[in-house]
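Colleague: Fold the following and give me the result.
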Amino acid sequence: MKKYWFVGLFSIVFGVMGDVLAGDMGATLKDNTPNSGFTIKEGTTNSTVARFRGDGNVGIGTANPSAKLDIAGNVAINGTPVIDSTGKWVGDSTGLVGPQGPQGPQAKYGGVAVVAKSGGDYTDPVAAMAGIAVWGGTPSPSNPCLLKIMPGVYDIGTNSLVMQPYVDIEGAGETVTKITGTTSSVGYPISNGVVQGASNAEIKSLTVENTGTGSYNAAIYNGNGAAPKITHVTAISVGGNTYNCGIFNNNSAPYIAYTTVKVSDGASNYGIDSHNSSSPDLFDVKIDVSGGNVAVGVAENSSTYAIANSRIYASGSPDNRGIYSVKSAGALIRNSMIHASGGTNNHGVYTSEATLTMASVWLYAAGGTGLNYGVNTHGSGIIRIDSSVTRGNSRTISNNLGVTTNFGSSKLEGGNWFNAGVIHCVGCYDENYDPIANQ
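Modeller: Numbers count the residues shown, from 1 in each chain. Coordinates of the predicted model:
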């Protein structure tokens, strides 16, 4: 019995009996509806082996085929399953993977614009910011926006990318996204940069570079009360023939963290320069300034600042200053290293009419052919240095008339002292760890 239903099944499907039955075998159904058809059943259990419906659907192992061929069970080739009963391919995967297809359409998000060399919404970050009304509406605390800049070098020429409140700018990484330009100012203090900061906005994960040959250049300019966040940014300024600055602050209060500043090739080179009641907050910032006639890591005039966990290098010019404070109202430096070296004259910290507090700071001034002063104070002010190391190969400290400098629990090494003001030294010792008498 089983032999004949097996033969009958394939005879009906293919219309050929071969040597099993003499001649051809056929079946004519009364109509082409699902209710008509031909069923082959197993003789013992009466279960359906195959079903041929009038509408052309064929079922194997099912009495109600829902497709032209509906199989209830595995499909095998030469006894090896290739498709299981759930429809999954379980056979050899050779030849199943083809070449990569074209990229599909990108998802669009509200309040987001993408700047890319190709495939983005814009190719120019300045144009993208200018078009914010189109893609972002009116940015606000309830409608924040994002300008995403994909990998590439974006040369904006003499233009500036002006940040807007409630619009963050995010690159794809400091090493892969760069905004470069040549903007400059006609005088000092400068008034623009390749990027101009804004309050309630952050710029991150990219490099900003000024390569202009004008007189006064800055990579990033913050002015008019701006208080942007600048994080994971590399700011580079090279080529200005009079003044180069990485980040210039004028009456502003930026938060700068996890950022690298590199400045060189100008007559005067400044890493971060703050004026007119500015109050930058620096955390984990590395500043490297070199060459020219003056190299200054951090400078301020009539401002204040807070620096933590940072490394500041000034080198290779006739006048290298790690910190240059003029009329500071109360600057604070902690857990940082300040290094002035090479060239002619080096000053770890140089102050004039400034109040400055340092804790857990390593000050170093050496390698110049002229003066190497760890701390050099002028005018008036109070300097407090605790739990720190101060080294000046010429003079550990030069404390001029009108200044009070207080050392506590600190190491003072290198050269001798000059004191025309007041020095208090409590719990201090020299490079040989010999105690220094309290003063």
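Colleague: Give me the buried stretch members for stretch 114-128, please.
Modeller: For stretch 114-128, a neighbour-count test (16 or more other CB atoms under 10 Å) marks 114-116, 120-122, 124-126, 128 as buried. Where you see a C-beta, it was placed from the backbone N, CA and C, and this is true even at glycine.
Colleague: what does stretch 340-355 give?
Modeller: In stretch 340-355, counting by 16+ other CB under 10 Å, buried: 340-343, 345-355.
Colleague: The stretch 51-200 of the chain: strands as residue ranges?
Modeller: 58-60, 69-71, 75-77, 80-83, 112-115, 145-149, 152-155, 161-162, 167-170, 177-181, 195-196 (DSSP state E, counting those that start in this stretch).
Colleague: and the third one, how far from the chain's centre?
Modeller: So that's strand 75-77. A distance of 53 Å separates the centroid of the chain from that of strand 75-77, by CA atoms, centre = their mean, to the nearest Å.
Colleague: now swap in the second one and tell me
Modeller: From the chain centre to the centre of strand 69-71 is a distance of 55 Å (CA atoms, centre = their mean).
Colleague: With the first one instead?
Modeller: Its chain's C-alpha centre and that of strand 58-60 lie 60 Å apart, by CA atoms, centre = their mean.
Colleague: Can you tell me what sits against it?
Modeller: Strand 58-60 is contacted by residues 13, 48-53, 65, 68-73 when judged by CB atoms under 8 Å, 6 or more residues apart in numbering.
Colleague: Buried by neighbour count, from these: which ones?
Modeller: 48-53, 65, 70-71.
Colleague: Give me whichever of the strands of the stretch 51-200 of the chain is most buried.
Modeller: Of all the strands of the stretch 51-200 of the chain, strand 195-196 carries the top mean neighbour count, a mean of 26, counting by mean count of other CB atoms under 10 Å.
Colleague: wait, which of the buried residues of stretch 114-128 is closest to residue 332?
Modeller: residue 125 (34.8 Å; CB to CB).
Colleague: that older thread, can you list the strands of the stretch 51-200 of the chain in JSON lines and add mean pLDDT and distance to residue 400?
Modeller: Formatted as JSON lines, these follow (pLDDT from 0 to 100; distance: least, CB to CB, whole Å):
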{"stretch": "strand 58-60", "mean pLDDT": "79", "distance to residue 400": "102"}
{"stretch": "strand 69-71", "mean pLDDT": "80", "distance to residue 400": "97"}
{"stretch": "strand 75-77", "mean pLDDT": "81", "distance to residue 400": "94"}
{"stretch": "strand 80-83", "mean pLDDT": "82", "distance to residue 400": "90"}
{"stretch": "strand 112-115", "mean pLDDT": "98", "distance to residue 400": "52"}
{"stretch": "strand 145-149", "mean pLDDT": "98", "distance to residue 400": "49"}
{"stretch": "strand 152-155", "mean pLDDT": "98", "distance to residue 400": "47"}
{"stretch": "strand 161-162", "mean pLDDT": "98", "distance to residue 400": "43"}
{"stretch": "strand 167-170", "mean pLDDT": "98", "distance to residue 400": "44"}
{"stretch": "strand 177-181", "mean pLDDT": "98", "distance to residue 400": "42"}
{"stretch": "strand 195-196", "mean pLDDT": "98", "distance to residue 400": "38"}
